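*Asks:* fold the following.
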Amino acid sequence: MLQCQPALVSVLSFRQFGFLPNHTRSQSYHHCRRQNGGAGGTCNSPVAGFTCTEGNRQSVPGVQYNATVDCRKGGAEIKSSYTQNF
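*Replies:* A predicted model of the protein is given here:
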């Protein structure tokens, strides 16, 4: 079984956040992503009611990639960028 390394979230920004800590929402997104394809996976289902869209991945093939994620729920928004090692 292939063991994937955890993603390193390097930037988080929030607008109109609610009661659940935003780092928890970010962790939930990455958990969903890893459950749907491992290190290269994507999350296509809402996370804590937020709909997330991942930007283009900039990669070093077979080593790692960098990506951005924009999660929205009504007027609330969470933006993050991360590095995923393979």
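
*Asks:* direction included, what does the helix or strand hosting Y82 pair against?
*Replies:* The secondary structure element spanning Y82 is strand 76-85 (assigned by DSSP states H and E). Counting by DSSP bridges, the strands paired with strand 76-85 are strand 8-15 (antiparallel), strand 64-73 (antiparallel).

*Asks:* give me the phi and psi for G40.
*Replies:* For G40, the backbone dihedrals (degrees, to the nearest 10) come out as phi -100, psi 10.

*Asks:* what pLDDT does R15 get?
*Replies:* At R15 the predicted local distance difference test score is 54.

*Asks:* could I get the CA-only coordinates of stretch 56-69 as PDB?
*Replies:* Provided in PDB are the C-alpha atoms of stretch 56-69 (Å, rounded to 0.1, in the frame of the first residue of the first chain):
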ATOM      1  CA  ASN A  56      -4.300  24.300 -11.400                       C
ATOM      2  CA  ARG A  57      -1.600  22.100  -9.900                       C
ATOM      3  CA  GLN A  58       2.000  23.200 -10.500                       C
ATOM      4  CA  SER A  59       4.000  20.000 -10.200                       C
ATOM      5  CA  VAL A  60       7.400  18.300 -10.100                       C
ATOM      6  CA  PRO A  61       6.400  14.900 -11.500                       C
ATOM      7  CA  GLY A  62       6.700  12.100  -9.000                       C
ATOM      8  CA  VAL A  63       7.900  14.400  -6.200                       C
ATOM      9  CA  GLN A  64       5.300  17.000  -5.200                       C
ATOM     10  CA  TYR A  65       2.800  19.600  -6.400                       C
ATOM     11  CA  ASN A  66       1.500  23.000  -5.300                       C
ATOM     12  CA  ALA A  67      -2.200  23.900  -5.500                       C
ATOM     13  CA  THR A  68      -4.700  26.500  -4.300                       C
ATOM     14  CA  VAL A  69      -8.200  25.800  -2.900                       C
END
